[in-house]
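Peer 1: what follows is a protein structure lacking sequence information:
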């Protein structure tokens, strides 16, 4: 088992405690075939969401498949105000998340002659003995060797996910993937949560222009136009060529009735061009129209 | 006969429901998810995305998912996630197994054997 071997040879990865176990993570014993709802309820409840496995059946279970898809596990967590994140396919990352206090949903394939996909939740490990502790199926504390887990886990491409509140960043989050996770969360419509998530993100990666754009969009949709302008001004200072930041700044200024200020900003966006040219053109027309309307009045 | 018609009508309604009220950034603002998707995939047609969502909705319903829940389930997905599902719901891994523990024991036994005797 390649990753187990690496862990054994390379020693305990830096910064990890010898062992950790999240004993307070609740347990939802699965009913027939319903390990998806059970595993998801486990990590959501651990993050403070009031939810049971039963509540999630209608959100992730597909009767004819008698199971739950990975995509839906990620998507359903967002509906409960949590940002879901698929981990990089590394054993070490799973251990890091556990050590940081976050239980990890993993997808295993237990089948021998046919596929036997199964979600379990990793809640602890002991490096010295090379064992993992899992909430799995009907077992509240399933202890299994690293190698045994890797055998069944590698068959899903080491698929693992966490779900954390918007004011947290997973221990192993990578800048770009974490930003996509927040953008996906924003889509579901919890603008307040998304605002918090972008702010937390910018606390860690203050240079990221797309996160500025995301934060400004959540401000805009919450009606906080002045805050949106401030964030976008900051973004255009950092990257004067960002068409999206320029377009959204111009639009927000215009929404505030400051069309004369908006016009030079949108002209700058038009000059840069790029894949958003048609959106920029539309914004420009809106601004000109608003200026025209006022002059006519 | 009546139920066939009812079923067809329901499906049609779900498709239309999924189709129409898509959530976009406020008028004039370029959405964050658009920024992200353009980076990887230039200018994908919106019509294709709608078809993707309708198609996935239809498939999920035909696989026994309650019509009243399909729309919300799909709304929580990103465009990329919808693309992943379209046409593949039948073949993708679906975590389910509850009889796996027995098989897992066999696997564990095999691994223990491998670790102890083959090294």
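Peer 2: Received it, and whenever you're ready, just let me know what you need. The model shown is predicted, which means the values in this text are computed figures rather than measured ones.

Peer 1: hey, let's count contacts and neighbours off CA atoms from now on
Peer 2: OK.

Peer 1: just checking, residue B:27 is part of a strand?
Peer 2: No: assigned with DSSP: H, G, I helix; E, B strand; the rest coil, residue B:27 falls outside any strand and is coil.

Peer 1: for it, give its distance to chain A.
Peer 2: 9 Å (Cα to the nearest Cα, to the nearest Å).

Peer 1: and that residue, how many neighbours?
Peer 2: 10 (other Cα atoms under 10 Å in any protein chain shown).

Peer 1: grab the nearest non-local neighbour of residue 33.
Peer 2: You didn't say which chain, so I picked chain A. residue B:96 (4.4 Å; Cα to Cα, 6 or more residues apart in numbering or on different chains).

Peer 1: actually it's chain B I care about, not the one you picked
Peer 2: residue A:183 (5.5 Å).

Peer 1: assign that neighbour to helix, strand or coil.
Peer 2: helix.

Peer 1: okay but it is in contact with residue B:32, surely?
Peer 2: Yes: the pair residue A:183 and residue B:32 qualifies as a contact (Cα atoms under 8 Å) at a distance of 6.1 Å.

Peer 1: list residues touching both of these two?
Peer 2: Contact criterion Cα atoms under 8 Å, 6 or more residues apart in numbering or on different chains; residues shared by residue A:183 and residue B:32: residue A:214.

Peer 1: which helix of chain A spans the most residues?
Peer 2: helix A:277-296 (DSSP state H).

Peer 1: list the buried residues in it.
Peer 2: A:277, A:279-281, A:283-284, A:286-288, A:290-291 (16 or more other Cα atoms under 10 Å in any protein chain shown).

Peer 1: identify the residues contacting that helix?
Peer 2: In contact with helix A:277-296 (Cα under 8 Å, 6+ apart) are residues A:247, A:250-251, A:254, A:259-260, A:262-263, A:266-267, A:269-270, B:28, B:30.

Peer 1: before we move on, back to that, pLDDT score for the residue nearest to residue B:33?
Peer 2: Residue A:183 is assigned 95 on the pLDDT scale.

Peer 1: residues contacting it?
Peer 2: Listed by Cα under 8 Å, 6+ apart, the contact set of residue A:183 reads A:194, A:214, B:32-33, B:36.

Peer 1: recalculate using a threshold of 10 Å.
Peer 2: A:83, A:177, A:194, A:197-198, A:210-211, A:214-215, B:31-36, B:78 (Cα atoms under 10 Å, 6 or more residues apart in numbering or on different chains).

Peer 1: circling back: now, which of the buried residues of helix A:277-296 sits nearest chain B?
Peer 2: residue A:283 (5.9 Å; Cα to the nearest Cα).
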